[in-house]
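K.L.:
quick check, what structure comes out for this input:
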Amino acid sequence: MNKVLIFISLTIAAIVLVPSNAGAYDFMVDNIYYNVWNGQAEVTNKGHYNWSSEDLVLPDSYSGNVSIPSSVTYEGVSYPVTAIGQYAFKSCDKMTSIIIPNSVISIGKEAFFNCDSLITLTIPNSVTTIGDYAFKGCTRLSNITIGSGVTGFGSIIFYWCYQLTDVTCLAITPPSSIGYSGQFFDILDYYTQVTLHVLPQCVEAYQSARYWRDFNEILGDVGTYIPGDVNGDGEVTVADANTVVIIIINGGGNGGHSHIPNPDGEGFINTADINGDGEVTIADLNVLIDLILNQH
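P.N.:
Okay, the predicted model is just below:
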């Protein structure tokens, strides 16, 4: 799977935190707009309601790379950032990537409605719920990873997501529907176009779970990360060292390594980048050799 990563250290869909004035914001820090609820910050936008048409008017609130902090300080007061509010990134088609912290536990209704520049999305393990139509109109979204903490999802969260081919869900228990419709897609036949990836031990649970069982194919191919297991065979051996050597010779490109979901929910892990510095070099090989020699 080609991973054009959009790191979402996040968790989706309001608890549900229902804003009294969606689109209005309490303050802005570092070009990110927030509302405050019960001492917690919710990411919002700088839009406003057109009351005559009961529609949300949104300027381009966000563009480029957006990095949401786990906490924000305003006028001397610090607030944990715990939610992505409804409509927060609606129509922000100039936003190319987003980093969402593990402090976020919910994503609201239509939070990414029409964010058609997004190709890959990773929902961190901290997220527990995903709101109705959360990714509606993300027309270029091709794959999404749902973190292990999600327990419920809203109605038709993948509305108009007609480029989506792969959904990875790390939850052991299949999340249940919390919306009026538990369907994922607005066109029911679209299930036949999408492959669901889950943990090996969870395949049967997803095959029998309502809505989840409708996916075209359910594969138990989500791996568990073992530091040093570059080739993914479940062991740390000389074979992994050989794989790293091949990767280094090929300039860090090919060699049988993989990218698997990060256990902390933040993007994906390059299994060959053993020391975590973002490169595959001789330093990784040295760390791997130490791991092999010190195994008991």
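
K.L.:
any idea how far Ile98 is from the residue lying closest to Ile144 once chain neighbours are set aside?
P.N.:
Leaving aside its sequence neighbours, Ile144 sits nearest to Leu121 (C-beta to C-beta, 6 or more residues apart in numbering; 4.6 Å). C-beta here means a position set from N, CA and C on the backbone, and glycine is covered the same way. Distance check for Leu121 against Ile98: by C-beta to C-beta, to the nearest Å, it reads 8 Å.

K.L.:
neighbour count: the two, which is higher?
P.N.:
Set Leu121 next to Ile98 and count neighbours by other C-beta atoms under 10 Å: Leu121 wins out with 27 against 24.

K.L.:
which pLDDT value goes with the residue nearest to Ile144?
P.N.:
At Leu121, the model reports a pLDDT of 85.

K.L.:
does it sit in a helix, a strand or a coil?
P.N.:
Following DSSP: H, G, I helix; E, B strand; the rest coil, the label given to Leu121 is strand.

K.L.:
quick check, it in contact with Leu141.
P.N.:
Yes: counting by C-beta atoms under 8 Å, Leu121 does reach Leu141; the two are 6.2 Å apart.

K.L.:
show me where the stretch 101-250 of the chain dips below the pLDDT cut-off.
P.N.:
224-225, 232 (pLDDT under 70).

K.L.:
what distance do you get for the most centrally placed residue in the chain to Gly276?
P.N.:
The residue lying closest to the centre of the chain (C-alpha atoms, centre = their mean) is Thr122, at 1.6 Å. According to C-beta to C-beta, Thr122 stands 17 Å off from Gly276.

K.L.:
angles on the backbone of Thr195, please.
P.N.:
In terms of degrees, to the nearest 10, the main-chain angles of Thr195 are phi -100, psi 140.

K.L.:
neighbours of it, how many?
P.N.:
A count of neighbours around Thr195, defined by other C-beta under 10 Å, yields 17.

K.L.:
same question, Glu42
P.N.:
Glu42: 26 surrounding residues under other C-beta under 10 Å.

K.L.:
quick check: it is in a strand.
P.N.:
Yes: the assignment for Glu42 (three-state DSSP) places it in a strand.

K.L.:
quick one: it and Ile32 touch, right?
P.N.:
No: look at Glu42 against Ile32 with C-beta under 8 Å: they stay out of range, at 11.0 Å.

K.L.:
in terms of helices and strands, where is Ala283?
P.N.:
Secondary structure from DSSP states H and E places Ala283 in helix 282-293.

K.L.:
by contact count, what packs against that helix?
P.N.:
Counting by 3 or more C-beta pairs under 8 Å, 6 or more residues apart in numbering; DSSP states H and E, the packing neighbours recorded for helix 282-293 are helix 238-249.
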